[in-house]
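Based on what follows, work out the 3D shape:
(one chain, ligands or ions: 1)
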Amino acid sequence: MNDPNGMVYFEGEYHLFYQHHPHGTTWGPMHWGHAISKDLVHWEHRPVALKPDDNGAIFSGSAVVDWEDTSGLFGGKPGLVIIFTHADTYPDSDRPRQRQSLAYSSDKGRTWTKYEGNPVLINEQITDFRDPKVFWHAANRKWVMVIAAADRIQIYHSTNLKDWNFESEFGASEGSHDGVWECPDLIELPVDGNTEQTKWLMIVSIGDNPDFTEGSRTQYFIGDFDGHTFVNDSYPETVLWLDHGRDNYAGVTWSDVNTSDNSKLFIGWMSNWKYANLTPTDSWRSAMTLPRVLRLKSGTAGIRLVQEPFAELNKLRLQEQSWNETTIIPNQNLFADLKLGSYELECEIDLANAEEVGFKLRKSDSEETVISYNVALQLLDVDRTKSGESGFHESFPCKHGVNFELQNGRLKLRIFVDHSSLEVFANDGELVITDQIFPDANSTDLELYVIGGEAKVISLALYPMMSINSEVTV
Ligand code: FRU
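Below you'll find the model as predicted:
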(Lines give C-alpha, C1' and ligand atoms only; values in the text may rest on other atoms or scores of the structure.)
Protein backbone atom coordinates (compact mmCIF):
# COMPACT_ATOMS: atom_id res chain seq x y z
CA MET A 1 0.00 0.00 0.00
CA ASN A 2 0.90 3.66 -0.13
CA ASP A 3 -1.05 6.92 0.37
CA PRO A 4 -4.04 7.19 2.70
CA ASN A 5 -7.09 8.18 0.62
CA GLY A 6 -10.68 9.28 1.01
CA MET A 7 -10.67 9.73 4.75
CA VAL A 8 -14.17 10.66 5.83
CA TYR A 9 -16.30 10.30 8.98
CA PHE A 10 -19.93 9.36 8.50
CA GLU A 11 -22.59 7.97 10.86
CA GLY A 12 -20.16 7.01 13.61
CA GLU A 13 -17.54 5.46 11.32
CA TYR A 14 -14.12 6.62 10.24
CA HIS A 15 -13.33 5.46 6.72
CA LEU A 16 -9.75 5.03 5.61
CA PHE A 17 -9.06 4.09 2.02
CA TYR A 18 -5.55 3.65 0.72
CA GLN A 19 -3.50 3.16 -2.42
CA HIS A 20 -3.31 -0.59 -2.73
CA HIS A 21 -1.96 -3.19 -5.13
CA PRO A 22 -3.76 -6.38 -4.11
CA HIS A 23 -1.73 -8.67 -6.36
CA GLY A 24 1.81 -7.80 -5.30
CA THR A 25 4.04 -6.32 -2.63
CA THR A 26 5.35 -3.48 -4.78
CA TRP A 27 3.57 -0.58 -6.45
CA GLY A 28 1.37 -1.74 -9.31
CA PRO A 29 -2.04 -1.02 -10.85
CA MET A 30 -3.62 0.94 -8.05
CA HIS A 31 -6.88 0.01 -6.31
CA TRP A 32 -8.42 1.62 -3.25
CA GLY A 33 -8.15 -0.63 -0.21
CA HIS A 34 -10.63 0.13 2.57
CA ALA A 35 -10.83 -0.09 6.35
CA ILE A 36 -13.44 1.19 8.82
CA SER A 37 -13.01 2.16 12.45
CA LYS A 38 -15.24 3.49 15.21
CA ASP A 39 -12.37 4.83 17.33
CA LEU A 40 -9.42 5.34 14.91
CA VAL A 41 -7.59 2.65 16.89
CA HIS A 42 -9.25 -0.66 15.97
CA TRP A 43 -9.90 -1.29 12.28
CA GLU A 44 -12.04 -3.66 10.28
CA HIS A 45 -10.69 -4.53 6.85
CA ARG A 46 -13.27 -4.17 4.08
CA PRO A 47 -13.20 -5.46 0.50
CA VAL A 48 -11.37 -3.37 -2.09
CA ALA A 49 -13.58 -0.31 -2.74
CA LEU A 50 -12.41 0.83 -6.19
CA LYS A 51 -10.78 -1.23 -8.93
CA PRO A 52 -9.12 -0.06 -12.15
CA ASP A 53 -11.54 0.28 -15.08
CA ASP A 54 -11.58 1.49 -18.70
CA ASN A 55 -10.46 4.95 -17.55
CA GLY A 56 -7.40 3.57 -15.82
CA ALA A 57 -6.01 2.83 -12.36
CA ILE A 58 -7.30 4.52 -9.21
CA PHE A 59 -4.80 7.03 -7.85
CA SER A 60 -5.16 9.15 -4.73
CA GLY A 61 -8.11 11.33 -3.82
CA SER A 62 -10.56 12.28 -1.11
CA ALA A 63 -14.12 11.65 0.06
CA VAL A 64 -16.84 13.93 1.38
CA VAL A 65 -20.32 13.64 2.82
CA ASP A 66 -22.67 15.32 0.37
CA TRP A 67 -25.05 16.38 3.16
CA GLU A 68 -27.46 18.36 0.94
CA ASP A 69 -27.28 16.03 -2.07
CA THR A 70 -25.76 18.79 -4.18
CA SER A 71 -24.68 16.07 -6.62
CA GLY A 72 -28.22 14.78 -7.07
CA LEU A 73 -26.85 11.25 -6.69
CA PHE A 74 -28.73 10.43 -3.46
CA GLY A 75 -32.42 11.27 -4.00
CA GLY A 76 -32.29 14.18 -1.54
CA LYS A 77 -30.55 12.26 1.25
CA PRO A 78 -26.91 12.57 2.40
CA GLY A 79 -24.42 10.21 0.80
CA LEU A 80 -20.69 9.64 0.35
CA VAL A 81 -18.78 10.84 -2.72
CA ILE A 82 -15.19 9.91 -3.58
CA ILE A 83 -13.24 12.26 -5.84
CA PHE A 84 -10.17 10.43 -7.19
CA THR A 85 -7.64 10.44 -10.02
CA HIS A 86 -8.07 8.04 -12.91
CA ALA A 87 -4.59 7.26 -14.27
CA ASP A 88 -3.82 5.80 -17.69
CA THR A 89 -1.96 7.01 -20.79
CA TYR A 90 -3.06 9.18 -23.71
CA PRO A 91 -4.26 7.10 -26.67
CA ASP A 92 -1.36 5.78 -28.81
CA SER A 93 1.18 7.36 -26.49
CA ASP A 94 3.26 6.64 -23.36
CA ARG A 95 2.42 10.01 -21.89
CA PRO A 96 0.61 9.59 -18.55
CA ARG A 97 -2.95 10.87 -18.47
CA GLN A 98 -4.47 11.85 -15.13
CA ARG A 99 -8.13 12.81 -14.94
CA GLN A 100 -10.46 13.34 -11.99
CA SER A 101 -13.48 11.11 -11.45
CA LEU A 102 -16.24 10.36 -8.94
CA ALA A 103 -17.63 7.31 -7.19
CA TYR A 104 -20.54 7.31 -4.76
CA SER A 105 -22.13 5.21 -2.07
CA SER A 106 -25.63 5.24 -0.57
CA ASP A 107 -24.93 2.44 1.91
CA LYS A 108 -22.43 3.99 4.33
CA GLY A 109 -19.46 3.17 2.12
CA ARG A 110 -20.16 -0.57 1.81
CA THR A 111 -20.51 -0.50 -1.99
CA TRP A 112 -19.36 2.06 -4.51
CA THR A 113 -20.63 3.03 -7.96
CA LYS A 114 -18.46 4.92 -10.40
CA TYR A 115 -20.23 7.98 -11.79
CA GLU A 116 -21.28 7.41 -15.41
CA GLY A 117 -20.07 10.89 -16.45
CA ASN A 118 -16.44 10.15 -15.48
CA PRO A 119 -13.99 11.78 -15.81
CA VAL A 120 -15.32 15.09 -14.44
CA LEU A 121 -12.15 17.20 -14.62
CA ILE A 122 -9.51 17.10 -17.34
CA ASN A 123 -6.43 19.23 -17.99
CA GLU A 124 -4.55 18.04 -21.04
CA GLN A 125 -1.74 20.57 -20.64
CA ILE A 126 -0.54 19.29 -17.29
CA THR A 127 0.77 15.75 -17.14
CA ASP A 128 1.06 15.44 -13.33
CA PHE A 129 -2.48 16.43 -12.41
CA ARG A 130 -3.71 14.40 -9.48
CA ASP A 131 -4.75 13.77 -5.88
CA PRO A 132 -7.86 15.98 -5.54
CA LYS A 133 -8.81 16.93 -1.97
CA VAL A 134 -12.31 18.37 -1.75
CA PHE A 135 -14.11 20.22 1.04
CA TRP A 136 -17.31 22.23 1.44
CA HIS A 137 -16.72 25.97 1.86
CA ALA A 138 -19.78 26.98 3.87
CA ALA A 139 -19.41 30.78 3.49
CA ASN A 140 -19.36 30.55 -0.33
CA ARG A 141 -21.65 27.53 -0.49
CA LYS A 142 -19.24 25.86 -2.90
CA TRP A 143 -17.14 22.75 -3.05
CA VAL A 144 -13.43 23.58 -3.19
CA MET A 145 -10.88 21.22 -4.72
CA VAL A 146 -7.14 21.53 -4.16
CA ILE A 147 -5.18 19.42 -6.62
CA ALA A 148 -1.50 18.89 -7.39
CA ALA A 149 -0.63 20.27 -10.84
CA ALA A 150 3.06 19.56 -11.60
CA ASP A 151 4.99 21.91 -9.30
CA ARG A 152 2.05 23.85 -7.86
CA ILE A 153 -1.42 23.55 -6.42
CA GLN A 154 -4.54 24.48 -8.35
CA ILE A 155 -7.87 25.38 -6.78
CA TYR A 156 -11.22 24.58 -8.45
CA HIS A 157 -14.84 25.29 -7.50
CA SER A 158 -18.03 23.32 -7.96
CA THR A 159 -21.64 23.52 -6.81
CA ASN A 160 -22.45 19.86 -7.53
CA LEU A 161 -19.13 17.92 -7.43
CA LYS A 162 -19.58 17.15 -11.15
CA ASP A 163 -18.77 20.46 -12.86
CA TRP A 164 -15.53 22.12 -11.87
CA ASN A 165 -14.18 25.61 -12.65
CA PHE A 166 -10.60 26.76 -12.29
CA GLU A 167 -10.25 29.41 -9.59
CA SER A 168 -6.59 30.03 -8.71
CA GLU A 169 -3.08 28.64 -8.36
CA PHE A 170 -0.59 28.56 -5.51
CA GLY A 171 3.04 27.76 -4.96
CA ALA A 172 4.99 27.93 -8.23
CA SER A 173 7.72 29.89 -6.44
CA GLU A 174 7.01 29.05 -2.80
CA GLY A 175 8.34 26.43 -0.42
CA SER A 176 10.34 23.39 -1.45
CA HIS A 177 10.38 22.22 -5.06
CA ASP A 178 12.77 19.32 -4.46
CA GLY A 179 10.27 17.00 -6.12
CA VAL A 180 6.92 16.88 -7.92
CA TRP A 181 4.04 18.20 -5.80
CA GLU A 182 1.51 15.60 -4.68
CA CYS A 183 -1.39 15.02 -2.28
CA PRO A 184 -2.37 18.52 -1.13
CA ASP A 185 -4.77 19.39 1.66
CA LEU A 186 -6.21 22.75 2.74
CA ILE A 187 -7.85 23.13 6.14
CA GLU A 188 -8.91 25.89 8.49
CA LEU A 189 -7.64 25.67 12.07
CA PRO A 190 -7.96 27.84 15.18
CA VAL A 191 -4.76 29.54 16.35
CA ASP A 192 -3.86 28.78 19.98
CA GLY A 193 -7.27 27.19 20.47
CA ASN A 194 -9.12 30.41 19.67
CA THR A 195 -11.90 29.49 17.27
CA GLU A 196 -12.44 33.19 16.45
CA GLN A 197 -8.90 33.53 15.13
CA THR A 198 -8.24 31.01 12.40
CA LYS A 199 -5.59 30.38 9.78
CA TRP A 200 -5.46 28.00 6.84
CA LEU A 201 -2.99 25.14 6.66
CA MET A 202 -1.90 23.96 3.20
CA ILE A 203 -0.21 20.55 3.23
CA VAL A 204 1.86 19.55 0.18
CA SER A 205 3.81 16.33 -0.24
CA ILE A 206 6.84 16.42 -2.50
CA GLY A 207 8.01 13.37 -4.37
CA ASP A 208 11.35 11.58 -4.31
CA ASN A 209 14.22 13.11 -6.26
CA PRO A 210 17.46 11.16 -6.78
CA ASP A 211 19.44 14.32 -5.91
CA PHE A 212 18.17 14.46 -2.32
CA THR A 213 18.85 11.74 0.21
CA GLU A 214 15.69 12.56 2.21
CA GLY A 215 13.41 11.08 -0.45
CA SER A 216 9.73 11.96 -0.43
CA ARG A 217 8.54 14.26 2.36
CA THR A 218 5.82 16.67 3.30
CA GLN A 219 5.87 20.43 3.71
CA TYR A 220 3.22 22.84 4.91
CA PHE A 221 2.26 26.49 4.55
CA ILE A 222 0.26 28.69 6.93
CA GLY A 223 -1.81 31.46 5.41
CA ASP A 224 -5.22 32.82 4.52
CA PHE A 225 -7.87 31.48 2.21
CA ASP A 226 -10.88 33.58 1.20
CA GLY A 227 -12.62 30.76 -0.62
CA HIS A 228 -10.81 31.62 -3.86
CA THR A 229 -7.07 32.12 -3.28
CA PHE A 230 -4.53 30.86 -0.76
CA VAL A 231 -1.98 33.45 0.41
CA ASN A 232 1.12 32.23 2.25
CA ASP A 233 2.09 34.07 5.47
CA SER A 234 5.79 33.21 5.17
CA TYR A 235 8.45 34.43 2.80
CA PRO A 236 8.30 32.35 -0.40
CA GLU A 237 11.65 30.69 0.34
CA THR A 238 10.56 29.50 3.81
CA VAL A 239 10.20 25.73 4.00
CA LEU A 240 8.26 24.20 6.89
CA TRP A 241 8.48 20.42 7.24
CA LEU A 242 5.53 18.56 8.66
CA ASP A 243 7.76 15.76 9.94
CA HIS A 244 11.52 15.64 10.43
CA GLY A 245 11.79 11.89 9.97
CA ARG A 246 11.95 9.96 6.74
CA ASP A 247 8.71 8.03 6.87
CA ASN A 248 5.64 10.20 6.81
CA TYR A 249 4.35 10.86 3.32
CA ALA A 250 1.17 11.80 1.45
CA GLY A 251 -0.69 12.47 4.70
CA VAL A 252 -3.97 14.40 4.69
CA THR A 253 -6.88 15.01 7.08
CA TRP A 254 -10.29 13.47 7.71
CA SER A 255 -13.33 15.12 6.22
CA ASP A 256 -16.53 15.75 8.21
CA VAL A 257 -15.16 15.14 11.71
CA ASN A 258 -16.62 17.58 14.24
CA THR A 259 -14.11 18.05 17.03
CA SER A 260 -15.03 20.25 20.01
CA ASP A 261 -12.00 22.50 19.43
CA ASN A 262 -12.12 22.47 15.59
CA SER A 263 -8.84 20.56 15.41
CA LYS A 264 -8.40 18.19 12.47
CA LEU A 265 -7.33 14.55 12.32
CA PHE A 266 -4.41 13.50 10.14
CA ILE A 267 -2.81 10.25 9.06
CA GLY A 268 0.22 9.73 6.77
CA TRP A 269 1.79 6.80 4.96
CA MET A 270 4.73 5.60 7.02
CA SER A 271 7.22 5.03 4.23
CA ASN A 272 9.26 6.80 1.59
CA TRP A 273 9.36 6.40 -2.18
CA LYS A 274 13.16 6.27 -1.90
CA TYR A 275 12.94 2.66 -0.72
CA ALA A 276 9.24 1.71 -0.34
CA ASN A 277 9.45 -0.92 -3.08
CA LEU A 278 12.52 -2.46 -1.41
CA THR A 279 11.14 -2.72 2.13
CA PRO A 280 12.63 -5.92 3.63
CA THR A 281 9.31 -7.54 4.57
CA ASP A 282 6.95 -9.98 2.86
CA SER A 283 3.18 -9.86 3.28
CA TRP A 284 3.31 -6.85 5.64
CA ARG A 285 4.34 -3.96 3.50
CA SER A 286 4.27 -0.69 5.45
CA ALA A 287 1.65 1.01 7.59
CA MET A 288 0.05 4.36 8.26
CA THR A 289 1.32 6.69 10.98
CA LEU A 290 -0.65 6.90 14.18
CA PRO A 291 -3.68 9.15 13.77
CA ARG A 292 -2.71 12.66 14.84
CA VAL A 293 -4.59 15.74 15.99
CA LEU A 294 -3.49 18.90 14.14
CA ARG A 295 -3.51 22.31 15.82
CA LEU A 296 -1.83 25.67 15.24
CA LYS A 297 0.30 27.43 17.82
CA SER A 298 1.83 30.90 17.66
CA GLY A 299 5.44 31.43 18.71
CA THR A 300 8.34 33.78 18.10
CA ALA A 301 8.92 32.40 14.59
CA GLY A 302 5.25 32.71 13.63
CA ILE A 303 2.34 30.28 13.60
CA ARG A 304 3.38 26.65 13.42
CA LEU A 305 1.74 23.25 13.17
CA VAL A 306 1.49 21.09 16.29
CA GLN A 307 0.74 17.35 16.11
CA GLU A 308 -0.45 15.14 18.93
CA PRO A 309 -1.26 11.43 18.94
CA PHE A 310 -5.04 10.86 18.93
CA ALA A 311 -6.16 10.55 22.58
CA GLU A 312 -8.06 7.26 22.08
CA LEU A 313 -4.71 5.55 21.58
CA ASN A 314 -4.39 5.59 25.38
CA LYS A 315 -6.76 2.59 25.32
CA LEU A 316 -3.83 0.48 24.18
CA ARG A 317 -1.70 1.27 27.21
CA LEU A 318 -0.91 -1.69 29.44
CA GLN A 319 0.54 -1.57 32.98
CA GLU A 320 2.32 1.74 33.54
CA GLN A 321 5.75 1.91 35.10
CA SER A 322 6.90 5.34 36.18
CA TRP A 323 9.95 7.17 37.51
CA ASN A 324 9.97 10.63 39.08
CA GLU A 325 12.71 12.97 40.29
CA THR A 326 15.40 10.42 39.44
CA THR A 327 18.98 11.47 38.77
CA ILE A 328 20.75 9.73 35.92
CA ILE A 329 24.52 9.53 35.66
CA PRO A 330 26.87 8.33 32.91
CA ASN A 331 27.30 4.56 32.46
CA GLN A 332 24.19 3.59 34.39
CA ASN A 333 20.93 2.39 32.85
CA LEU A 334 17.67 2.85 34.68
CA PHE A 335 16.03 0.27 32.43
CA ALA A 336 18.65 -2.48 32.57
CA ASP A 337 16.02 -5.08 33.56
CA LEU A 338 13.38 -4.24 30.97
CA LYS A 339 12.49 -5.95 27.69
CA LEU A 340 10.12 -3.99 25.48
CA GLY A 341 8.83 -4.48 21.94
CA SER A 342 5.83 -2.16 21.35
CA TYR A 343 5.42 0.64 23.83
CA GLU A 344 4.84 4.29 24.56
CA LEU A 345 7.32 6.36 26.52
CA GLU A 346 6.48 9.79 27.88
CA CYS A 347 9.13 11.85 29.66
CA GLU A 348 10.33 15.20 30.85
CA ILE A 349 14.07 15.34 31.54
CA ASP A 350 16.05 18.22 33.02
CA LEU A 351 19.40 18.18 31.28
CA ALA A 352 21.12 19.97 34.21
CA ASN A 353 24.83 19.92 33.31
CA ALA A 354 24.67 17.10 30.74
CA GLU A 355 26.04 17.46 27.21
CA GLU A 356 23.74 14.86 25.70
CA VAL A 357 20.91 12.66 26.82
CA GLY A 358 19.18 9.96 24.86
CA PHE A 359 17.37 6.66 24.54
CA LYS A 360 18.70 3.55 22.86
CA LEU A 361 15.75 1.43 21.96
CA ARG A 362 15.01 -1.85 20.20
CA LYS A 363 18.53 -2.64 21.39
CA SER A 364 20.63 -5.81 21.52
CA ASP A 365 24.39 -6.46 21.39
CA SER A 366 24.41 -5.59 17.70
CA GLU A 367 21.39 -3.32 17.16
CA GLU A 368 20.08 -0.05 18.53
CA THR A 369 18.05 2.94 17.43
CA VAL A 370 19.12 6.11 19.18
CA ILE A 371 17.07 9.21 19.97
CA SER A 372 19.38 11.88 21.37
CA TYR A 373 19.38 15.53 22.32
CA ASN A 374 22.69 17.41 22.13
CA VAL A 375 22.68 20.56 24.28
CA ALA A 376 25.48 22.48 22.52
CA LEU A 377 24.05 21.79 19.06
CA GLN A 378 20.42 22.11 20.24
CA LEU A 379 19.79 19.09 18.09
CA LEU A 380 17.27 16.28 18.46
CA ASP A 381 18.42 13.33 16.39
CA VAL A 382 17.27 9.87 15.42
CA ASP A 383 20.05 7.51 14.43
CA ARG A 384 18.91 4.35 12.67
CA THR A 385 22.28 3.40 11.19
CA LYS A 386 22.37 0.31 13.49
CA SER A 387 18.61 -0.13 13.85
CA GLY A 388 18.50 -3.59 12.27
CA GLU A 389 18.01 -4.59 8.67
CA SER A 390 18.98 -1.51 6.70
CA GLY A 391 21.09 -2.58 3.72
CA PHE A 392 18.18 -2.64 1.26
CA HIS A 393 18.83 0.98 0.25
CA GLU A 394 21.84 3.23 0.81
CA SER A 395 19.65 6.08 2.09
CA PHE A 396 18.01 4.00 4.79
CA PRO A 397 20.78 3.74 7.42
CA CYS A 398 21.02 7.39 8.46
CA LYS A 399 21.05 9.87 11.28
CA HIS A 400 18.83 12.91 10.97
CA GLY A 401 17.23 15.42 13.21
CA VAL A 402 15.97 18.87 13.94
CA ASN A 403 17.15 21.91 15.84
CA PHE A 404 15.11 23.21 18.72
CA GLU A 405 15.58 24.96 22.02
CA LEU A 406 14.72 23.23 25.26
CA GLN A 407 11.88 24.72 27.32
CA ASN A 408 13.37 25.66 30.74
CA GLY A 409 16.28 23.31 30.13
CA ARG A 410 13.89 20.37 29.88
CA LEU A 411 13.43 17.82 27.13
CA LYS A 412 9.82 16.70 26.70
CA LEU A 413 9.27 13.65 24.53
CA ARG A 414 6.45 11.27 23.77
CA ILE A 415 7.70 8.27 21.83
CA PHE A 416 5.79 5.39 20.27
CA VAL A 417 7.90 2.37 19.43
CA ASP A 418 6.52 -0.53 17.42
CA HIS A 419 8.01 -3.58 15.74
CA SER A 420 8.97 -1.57 12.67
CA SER A 421 8.50 2.08 13.56
CA LEU A 422 9.24 4.97 15.78
CA GLU A 423 7.15 8.15 16.21
CA VAL A 424 8.72 10.87 18.33
CA PHE A 425 6.67 13.89 19.44
CA ALA A 426 8.93 16.55 20.98
CA ASN A 427 7.88 19.65 22.94
CA ASP A 428 4.22 18.68 23.06
CA GLY A 429 4.10 17.88 19.35
CA GLU A 430 5.84 20.99 18.02
CA LEU A 431 8.33 18.71 16.29
CA VAL A 432 7.77 15.20 15.05
CA ILE A 433 10.12 12.53 13.76
CA THR A 434 8.63 9.42 12.16
CA ASP A 435 10.90 6.61 11.04
CA GLN A 436 10.69 2.99 10.07
CA ILE A 437 13.16 0.54 11.63
CA PHE A 438 13.59 -3.20 11.04
CA PRO A 439 15.15 -4.62 14.22
CA ASP A 440 15.37 -8.28 15.14
CA ALA A 441 12.35 -9.42 17.17
CA ASN A 442 14.73 -10.07 20.08
CA SER A 443 16.21 -6.57 20.12
CA THR A 444 14.08 -5.39 23.02
CA ASP A 445 16.50 -3.69 25.45
CA LEU A 446 16.00 -0.07 26.39
CA GLU A 447 18.63 2.31 27.70
CA LEU A 448 18.46 5.87 28.94
CA TYR A 449 21.94 7.36 28.76
CA VAL A 450 23.59 10.65 29.66
CA ILE A 451 26.95 12.03 28.50
CA GLY A 452 29.10 14.76 30.03
CA GLY A 453 27.27 15.26 33.31
CA GLU A 454 24.11 14.41 35.18
CA ALA A 455 20.51 14.78 34.13
CA LYS A 456 17.31 14.45 36.07
CA VAL A 457 14.23 12.55 35.08
CA ILE A 458 11.43 14.85 36.25
CA SER A 459 8.89 12.27 35.15
CA LEU A 460 8.98 9.24 32.89
CA ALA A 461 6.19 6.79 32.17
CA LEU A 462 6.47 3.60 30.18
CA TYR A 463 3.46 1.77 28.82
CA PRO A 464 3.82 -1.51 26.99
CA MET A 465 1.12 -1.36 24.32
CA MET A 466 -1.32 -4.06 23.38
CA SER A 467 -1.84 -4.99 19.76
CA ILE A 468 -4.78 -3.38 18.00
CA ASN A 469 -5.58 -6.90 16.85
CA SER A 470 -5.75 -8.22 20.40
CA GLU A 471 -9.10 -9.43 21.71
CA VAL A 472 -8.52 -7.66 25.01
CA THR A 473 -10.19 -4.28 25.32
CA VAL A 474 -9.64 -1.85 28.17
C1 FRU B 1 1.93 9.79 -3.87
C2 FRU B 1 1.43 9.30 -5.20
C3 FRU B 1 0.24 10.15 -5.65
C4 FRU B 1 -0.47 9.22 -6.58
C5 FRU B 1 -0.28 7.88 -5.92
C6 FRU B 1 -0.14 6.72 -6.86
O7 FRU B 1 2.57 8.81 -3.14
O8 FRU B 1 2.46 9.30 -6.15
O9 FRU B 1 0.62 11.37 -6.22
O10 FRU B 1 -1.81 9.54 -6.73
O11 FRU B 1 0.90 7.99 -5.13
O12 FRU B 1 -0.09 5.51 -6.17
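
which bits of the stretch 151-300 of the chain sit near the ligand?
Proximity of the stretch 151-300 of the chain to the ligand, by C-beta under 6 Å from any ligand atom, involves residues 182-183, 250. The C-beta positions use only the backbone N, C-alpha and C, and glycine is treated the same way.

quick one: residue 359 and residue 446 touch, right?
Yes. Residue 359 lies in contact with residue 446 (C-beta atoms under 8 Å); the separation is 6.8 Å.

remind me which residues of this structure are low pLDDT?
Residue ranges of the chain with pLDDT under 70: 471-474.

Centroid-nearest residue for this protein?
residue 268 (2.3 Å; C-alpha atoms, centre = their mean).

Can the helix or strand hosting residue 8 be said to contact the ligand?
If you go by DSSP states H and E, residue 8 is part of strand 4-10. No. If you take C-beta under 6 Å from any ligand atom as the test, strand 4-10 misses the ligand, and the best it gets is 8.3 Å.

name the helices or strands packed onto the very next helix or strand once past that strand?
Using DSSP H and E, the helix or strand that follows strand 4-10 in sequence is strand 13-20. With contacts taken as 3 or more C-beta pairs under 8 Å, 6 or more residues apart in numbering; DSSP states H and E, strand 13-20 sits against strand 4-10, strand 31-37, strand 44-50, strand 57-66, strand 264-269.

Quick check: end-to-end length of stretch 423-437?
11 Å (C-alpha to C-alpha, to the nearest Å).

That should have said stretch 41-60, apologies.
Terminal residues of stretch 41-60 lie 23 Å apart, using C-alpha to C-alpha.

Then stretch 379-396?
Start-to-end, stretch 379-396 (C-alpha to C-alpha) is 20 Å.

now stretch 145-157
For stretch 145-157, the end-to-end distance is 6 Å (C-alpha to C-alpha).

Of all the residues in that stretch, which ones are buried?
Counting neighbours by 16 or more other C-beta atoms under 10 Å, one finds that the buried residues in stretch 145-157 are 145-149, 152-157.

Of the residues you listed, which is the nearest to the ligand?
residue 148 (6.5 Å; C-beta to the nearest ligand atom).

Ok, which of the helices and strands packed on strand 13-20 comes nearest residue 110?
Nearest to residue 110, of all the helices and strands packed on strand 13-20, is strand 44-50, at 7.6 Å by C-beta to C-beta.

Let me know the angle separating the closest one from strand 31-37.
150 degrees (axes from the mean of the first three to the mean of the last three C-alpha atoms, to 10 degrees).

Am I right that residue 277 falls within a strand?
No. Counting by DSSP: H, G, I helix; E, B strand; the rest coil, residue 277 falls outside a strand, being helix.

how about the biggest strand by length in the chain: buried residues?
Secondary structure of the chain per DSSP state E: the longest strand is strand 194-206. Residues of strand 194-206 classed as buried under the neighbour-count rule (16+ other C-beta under 10 Å) are 198-206.

out of those, who's nearest residue 305?
Scanning the buried residues of strand 194-206 for proximity to residue 305, where the rule is C-beta to C-beta, the winner is residue 201, at 6.4 Å.

Excluding chain neighbours, what is closest to the residue nearest to the centre of the chain?
residue 251 (2.7 Å; C-beta to C-beta, 6 or more residues apart in numbering).

now residue 439
Residue 439's closest residue in space is residue 388 (C-beta to C-beta, 6+ apart), at 3.6 Å.

The one you found: neighbour count?
Look at residue 388: counted by other C-beta atoms under 10 Å, it has 21 neighbours.

List the residues that contact it.
Listed by C-beta atoms under 8 Å, 6 or more residues apart in numbering, the contact set of residue 388 reads 362, 367, 369, 437-440, 443.

Show the contacting residues for residue 130.
By C-beta under 8 Å, 6+ apart, the contact set of residue 130 is 59-60, 85, 87, 98, 147-148, 182.

Now, those residues that are in strands?
Per DSSP E, the subset of the contacts of residue 130 in strands is 59-60, 85, 87, 98, 147-148, 182.

Neighbours of the nearest residue to residue 213 once chain neighbours are set aside, how many?
Setting aside the residues directly before and after it, residue 213 is nearest to residue 395 in space (C-beta to C-beta, 6+ apart), at 5.0 Å. Per other C-beta under 10 Å, the neighbour tally for residue 395 reads 16.

Is residue 395 within a helix or a strand, and which one?
Residue 395 belongs to no helix or strand when assigned by DSSP H and E.

How is residue 161 assigned, secondary-structure-wise?
Under three-state DSSP, residue 161 falls in the coil class.

and it, what are its phi and psi?
Dihedral pair for residue 161: phi 70, psi -10, per degrees, to the nearest 10.

ok, it touching residue 66?
Yes. Contact criterion C-beta under 8 Å: residue 161 and residue 66 qualify, at 6.6 Å.

Need the residues touching each of those two.
residue 81.

Can you check what angle separates the longest strand of the chain from strand 264-269?
With the same axes, to 10 degrees applied, the angle from strand 194-206 to strand 264-269 works out at 20 degrees.

Give the other helices and strands that strand 194-206 contacts.
Packed against strand 194-206 by the contact rule (3+ C-beta pairs under 8 Å, 6+ apart) you find strand 181-191, strand 217-225, strand 230-232, strand 249-253, strand 292-299.

Within its sheet, name the partner strands of that strand and how each one runs.
Partners of strand 194-206 in the sheet, by DSSP bridges, are strand 181-191 (antiparallel), strand 217-225 (antiparallel).

Near the ligand, which residues of the stretch 1-150 of the chain are found?
So far as C-beta under 6 Å from any ligand atom goes, the stretch 1-150 of the chain lies against the ligand at 2-3, 19, 30, 59-60, 85, 130-131.

Mind doing that once more with 8 Å?
Within the stretch 1-150 of the chain, the positions adjacent to the ligand are 2-3, 19, 27, 30, 57, 59-61, 85, 87, 98, 128, 130-131, 148 by C-beta under 8 Å from any ligand atom.
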